[in-house]
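Trainee: Model the structure of this input:
(chains A and B)
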Amino acid sequence: MDAFLAALTLRAGYNAALVAIGAGLLGFAAGLVGNFLFLRKRSLVGDAIAHATLPGVALAFLVMVALGGDGRNLAGLLAGSAATAGIGLLAVDWIARRTRLTEDAAIGAVLSAFFGFGVVLMTVIQTLPRGRQAGLESFLLGSTAGMLYLDALIIAGGGALCVSLALLLRRPMTMVSFDPGYAQSRGIDLRAIDLAMMGLVMAVTVVGLKLVGLVLIVALLIIPPAAARFWTDRSERMLWIAGAIGAASGYVGAALSASAPDLPTGPVIVLLCFALFCVSLLLAPERGLLATALRRRAYARALARRDGLLALASRRNLSQTARRVLLADGLIGANGAATPSGVREAALAARDERRWELARTLRDADPAIAAHDGVSPVEKALTADMIAEIDRRLAEG
Amino acid sequence: MTATATAREGVFASDPDSRPGPLVVSGLTVSYGRAPALIGVDLAIAPGSMTAIVGPNGAGKSTLLKAVIGVAPVVAGDIRVFGETLARVRDRVAYVPQRASVDWDFPARVIDVVTMGLYRELGPFGFVRRRHREAAMAHLDRVGMADFAQRQIGQLSGGQQQRVFLARALAQKADLYLLDEPLAGVDAATERAVVAVLHGLRAEGACIVAVHHDLATLRDYFDHVALINRRLVAQGPTAETLTAENLQRTYGGLLAGTQIGRIEIAYAARER
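Mentor: Below you'll find the predicted structure:
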């Protein structure tokens, strides 16, 4: 516990601090980039890219060993992973564009072929005299153990670069995600933006390879935006929330892993991320399950209130629920008679109900009329010109 | 109007006395891979006109608009917008795609969508400032949607969504508006509001080209019409072009003779 707190507050040594900051930046970048991937509905492309890094790592190791190095240089391994990930990405893009196959089929084919090739190469490396100590397995699930200062610097710098690029391209990427046809009509190059987006995914994947591992890096791209979607209905807020969720998981996860070196870092980060997802799913005020349940209750109450007000206006008997609600709102007194505000509200509700009734008789009417929830006043659901028309017809009788 | 009538011969495009037309299409062939979607289409849109693109399903109406904005794969032909290639006058052309072409559950409010129309002013990197928001509100007001600015777009009805798309196009302050089925599946009030805005734009000197599917309202809304079915069948002022013969040639067996007859009777009755 003390070790964890020390790591969390950046007092566990210079390297560990740099790793934690790097993981935070990486998580932030993954959240931002993943957000656009999520909005573009192409989250799984990230998985293909991640799996396509494995042969690159293995090939880079073999090449470095053949050239007389020890093969464990992180920059070299990452460069190799970026090379095959890029080839995989272009392969997916090419198959989806040039053949009649859909993108998910292209992803499945590329992902398994590249990963299979990577596993074969890894097996070959295991048989080499130097292979066993190479520690390439850590690229599968991630690890902070034995990370050098330079490695941490690469992760922190790469993460920061991805963050800046994602923020710089946020508007064209958002426009392309919402309405590609319109974005193109404004002169945005769809292919260039899509490739830039995938390039960013590739960069995040490569930077996160050592820390999170290629099997789980895709989770860091998908879970933060999925969690952020519960919190807001606005894409620019979603962007920051996704970034924050990713950053928190990365930072805390790396600290946890540094204090318990046997734990693989990737799963720790991803589990933390998933925990934040669960919290969002349950408690987020916009689309969370709790908020949805509360809204249903509020709606039931509003229906009862409306029913009661209409009963007051037409001097019908109040149902028991309606009586309780009206009493609580001070619209009727204890004797069941309407208070002055109750009289006013009842008149308003009655007028609104007449407007809705007339609205439903209109030909070619706005579907918003048929979809009326039975509670909202016309002003909240219909446009002013339509209300004017309704009132004109009401006046005509 | 002689200019429009002779456009098929290309005179309009090259007439040195007239300013370049808003949109001149010559020999346009578009193909997505198999059978071409458009074949050798010549089209000249008159300045300050409001033109309906009319034809059966799959006739290439949407494709024509997409070719103009540079999205559809053009195999052959030439497209001139205000006498230039599109790239040079892109900001003078506003495109309104079909409403169903986007996912309305996208996390955006009404005002956010309209703000996208300010892309030229904002640029790829700029921040949205108060004056941008005020401009977006003014355009929303013009389509009667100012009260809905903060609403999530998924909560809108189809007609309201169409108005938001129109407001986004207005934000561009274009000279040529290309609208893909702006009146398809909208309520009567929205239809009136959209047509009023389009007529207002025409009065301000803009040129409107819209894919339209309702033959019954064609004469009321549009002063020009282009009938297409992969090829151009006829184009010109609505009153002269919308004949039973031309409709029959456009729709072939798809439009029963009785239906054309009914439309003709309706028009004749109105003119009397």
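Trainee: ok, A:L54 to chain B distance?
Mentor: According to C-beta to the nearest C-beta, to the nearest Å, A:L54 stands 33 Å off from chain B. No exception for glycine: its C-beta is placed from N, CA and C like everyone else's.
Trainee: Quick check: chain neighbours aside, which residue is closest to that residue?
Mentor: The shortest distance from A:L54 to any non-neighbouring residue, by C-beta to C-beta, 6 or more residues apart in numbering or on different chains, is to A:G118 (2.7 Å).
Trainee: Over to A:P180?
Mentor: Closest to A:P180 by C-beta to C-beta, 6+ apart is A:L190, at 5.6 Å.
Trainee: Return the residues in contact with that neighbour.
Mentor: A:L190 makes contacts with A:V176, A:P180, A:A183, A:Q184, as judged by C-beta atoms under 8 Å, 6 or more residues apart in numbering or on different chains.
Trainee: most neighbours, which of the residues you listed?
Mentor: If you count neighbours using other C-beta atoms under 10 Å in any protein chain shown, the busiest of the contacts of A:L190 is A:V176, which has 25 neighbours.
Trainee: Quick one: check the helix or strand containing that one for contact with chain B.
Mentor: Assigned by DSSP states H and E, A:V176 belongs to helix A:170-178. Yes - interface with chain B: helix A:170-178 contributes A:R171, A:P172, A:M175, A:S177, A:F178 (C-beta under 8 Å from any C-beta of the partner chain).
Trainee: Let's have those residues in CSV, adding pLDDT, distance to B:A100 and neighbour count.
Mentor: What follows is the residues of helix A:170-178 next to chain B, written out as CSV (pLDDT from 0 to 100; distance: C-beta to C-beta, whole Å; neighbours: other C-beta atoms under 10 Å in any protein chain shown):
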residue, pLDDT, distance to B:A100, neighbour count
A:R171, 93, 24, 22
A:P172, 94, 23, 24
A:M175, 95, 18, 20
A:S177, 95, 17, 26
A:F178, 96, 14, 22
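Trainee: Helix, strand, or coil at B:A226?
Mentor: strand (DSSP: H, G, I helix; E, B strand; the rest coil).
Trainee: What sits closest to it if chain neighbours are left out?
Mentor: Using C-beta to C-beta, 6+ apart, the nearest residue to B:A226 is B:Q235, at 4.1 Å.
Trainee: Can I get the helix holding A:V176 as CSV, trimmed to CA atoms?
Mentor: Written as CSV, here are the backbone C-alpha positions of helix A:170-178 (Å, rounded to 0.1, in the frame of the first residue of the first chain):
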residue,chain,number,x,y,z
ARG,A,170,-10.6,17.7,-33.7
ARG,A,171,-12.9,19.7,-35.9
PRO,A,172,-12.4,18.0,-39.3
MET,A,173,-12.5,14.6,-37.5
THR,A,174,-15.8,15.5,-35.8
MET,A,175,-17.3,16.7,-39.0
VAL,A,176,-16.3,13.6,-40.9
SER,A,177,-17.7,11.4,-38.2
PHE,A,178,-21.1,13.1,-38.1
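Trainee: Show me what the next helix or strand after it is in contact with.
Mentor: Using DSSP H and E, the helix or strand that directly follows helix A:170-178 along the chain is helix A:180-185. Residues outside helix A:180-185 that contact it (C-beta under 8 Å, 6+ apart): A:172, A:175-176, A:190, A:193, B:66, B:69-71, B:90, B:93-95, B:97, B:101, B:116, B:168.
Trainee: Now list the buried members of these.
Mentor: A:172, A:175-176, A:193, B:66, B:69-71, B:90, B:93-95, B:97, B:116, B:168 (16 or more other C-beta atoms under 10 Å in any protein chain shown).
Trainee: isn't A:R287 right next to A:A226, touching?
Mentor: No - using C-beta atoms under 8 Å, A:R287 makes no contact with A:A226, being 11.1 Å away.
Trainee: who has more neighbours, these two?
Mentor: A:A226 (20 against 15).
Trainee: in what helix or strand does that one lie?
Mentor: Per DSSP H and E: A:A226 is located in helix A:217-229.
Trainee: Could you check the angle the next helix or strand after that helix makes with helix A:217-229?
Mentor: Next helix or strand after helix A:217-229 toward the C-terminus (DSSP H and E): helix A:235-259. With axes from the mean of the first three to the mean of the last three C-alpha atoms, to 10 degrees defining the directions, helix A:235-259 sits at 130 degrees from helix A:217-229.
Trainee: Now do the helix or strand just after helix A:235-259: distance to the chain's middle.
Mentor: Next along the chain after helix A:235-259, taking DSSP H and E as the criterion, comes helix A:265-283. In terms of C-alpha atoms, centre = their mean, to the nearest Å, the centre of helix A:265-283 is found 12 Å from the chain centre.
Trainee: how about the CA coordinates for helix A:265-283, as CSV?
Mentor: Extracted in CSV, the C-alpha atoms of helix A:265-283 (Å, rounded to 0.1, in the frame of the first residue of the first chain):
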residue,chain,number,x,y,z
THR,A,265,0.6,-3.4,-16.5
GLY,A,266,-1.9,-3.7,-19.3
PRO,A,267,-4.6,-5.7,-17.5
VAL,A,268,-4.3,-3.4,-14.5
ILE,A,269,-4.8,-0.3,-16.6
VAL,A,270,-7.7,-1.9,-18.6
LEU,A,271,-9.4,-3.1,-15.4
LEU,A,272,-9.3,0.4,-13.9
CYS,A,273,-10.6,1.7,-17.1
PHE,A,274,-13.4,-0.8,-17.0
ALA,A,275,-14.2,0.2,-13.4
LEU,A,276,-14.7,3.8,-14.5
PHE,A,277,-16.9,2.5,-17.4
CYS,A,278,-19.1,0.7,-14.8
VAL,A,279,-19.3,3.8,-12.7
SER,A,280,-20.3,5.8,-15.8
LEU,A,281,-22.9,3.2,-16.8
LEU,A,282,-24.6,3.4,-13.4
LEU,A,283,-24.1,6.9,-12.2
